[in-house]
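In: Sequence and predicted structure are below.
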Amino acid sequence: MENSGRGPAQSPGLFVSLRKLATTLVALAQTRLELLSTELAEERLRLLQILLGSFAALFFSALGVVMLTLFVVVWFWDTHRALVTMLFAVLYLGTGGVLWLVVRNKLRQKSGLFSASIAELAKDRQHLAPTDVYRQPD
């Protein structure tokens with residue numbers, strides 16, 4: 001009896017195809033996880049740079065403001081030192097309040113973290129989803 005290419009002789013082909021499919025899916029998942037890891041490392045580095053730059057700018061700005069305040073208070077020491085000190089206090093508290101509102105609004109805004117990974121996963125899902133073979137092209 002001849003084997004016409006049907007039946008048990010084709011079973012290894014199916015297993016090979018399934019193995020290739022599994023390998024492809026694992027490679028796809030690995031690529032997405034590597035992309036996610038890269039994005040996380042980039043975001044961490046960006047935040048660290050922002051934090052260090054912000055602290056340095058804050059320190060030197062505060063030092064400059066303190067020196068300017070001392071200069072103005074000493075300048076008006078004999079005539080209006082209490083008034084000048086109170087005006088600077090109001091100015092600093094008002095500026096601090098406005099800056100706090102800006103920071104709070106920034107914290108409430110949505111971050112773009114993992115946006116590239118999410119977009120790639122959406123593309124993958126779209127490509128792996130079953131397509132309608134009867135659908136007419138637009």
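Out: Right, received. Where do you want to start? Numbering: from 1, shown residues only.
In: Let me see the mean pLDDT of the longest helix seen in the chain.
Out: Determined from DSSP state H, the single longest helix within the chain is helix 11-75. On average, the pLDDT along helix 11-75 is 86.
In: Over the next helix or strand after it, what's the mean pLDDT, rounded is fine.
Out: From helix 11-75 onward toward the C-terminus, using DSSP states H and E, the following helix or strand is helix 81-108. The pLDDT scores in helix 81-108 average 87.
In: isn't Cys32 right up against Asp124?
Out: Just to correct that, residue 32 is Arg rather than Cys. Yes: Arg32 is within contact range of Asp124, at 7.4 Å (criterion: C-beta atoms under 8 Å). Where you see a C-beta, it was placed from the backbone N, CA and C, and this is true even at glycine.
In: What is the longest helix of the chain packed up against?
Out: helix 81-108, helix 115-128 (3 or more C-beta pairs under 8 Å, 6 or more residues apart in numbering; DSSP states H and E).
In: Can I get those in TSV including distance to Ala57?
Out: Putting these into TSV (distance: least, C-beta to C-beta, whole Å) gives the following:
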stretch	distance to Ala57
helix 81-108	12
helix 115-128	28
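In: Between these, which one is closest to Leu18.
Out: helix 115-128 (15.4 Å; C-beta to C-beta).
In: Any chance you could list what contacts that closest one?
Out: The contact list for helix 115-128 (C-beta atoms under 8 Å, 6 or more residues apart in numbering) reads Leu28, Arg32, Leu35, Leu36, Glu39.
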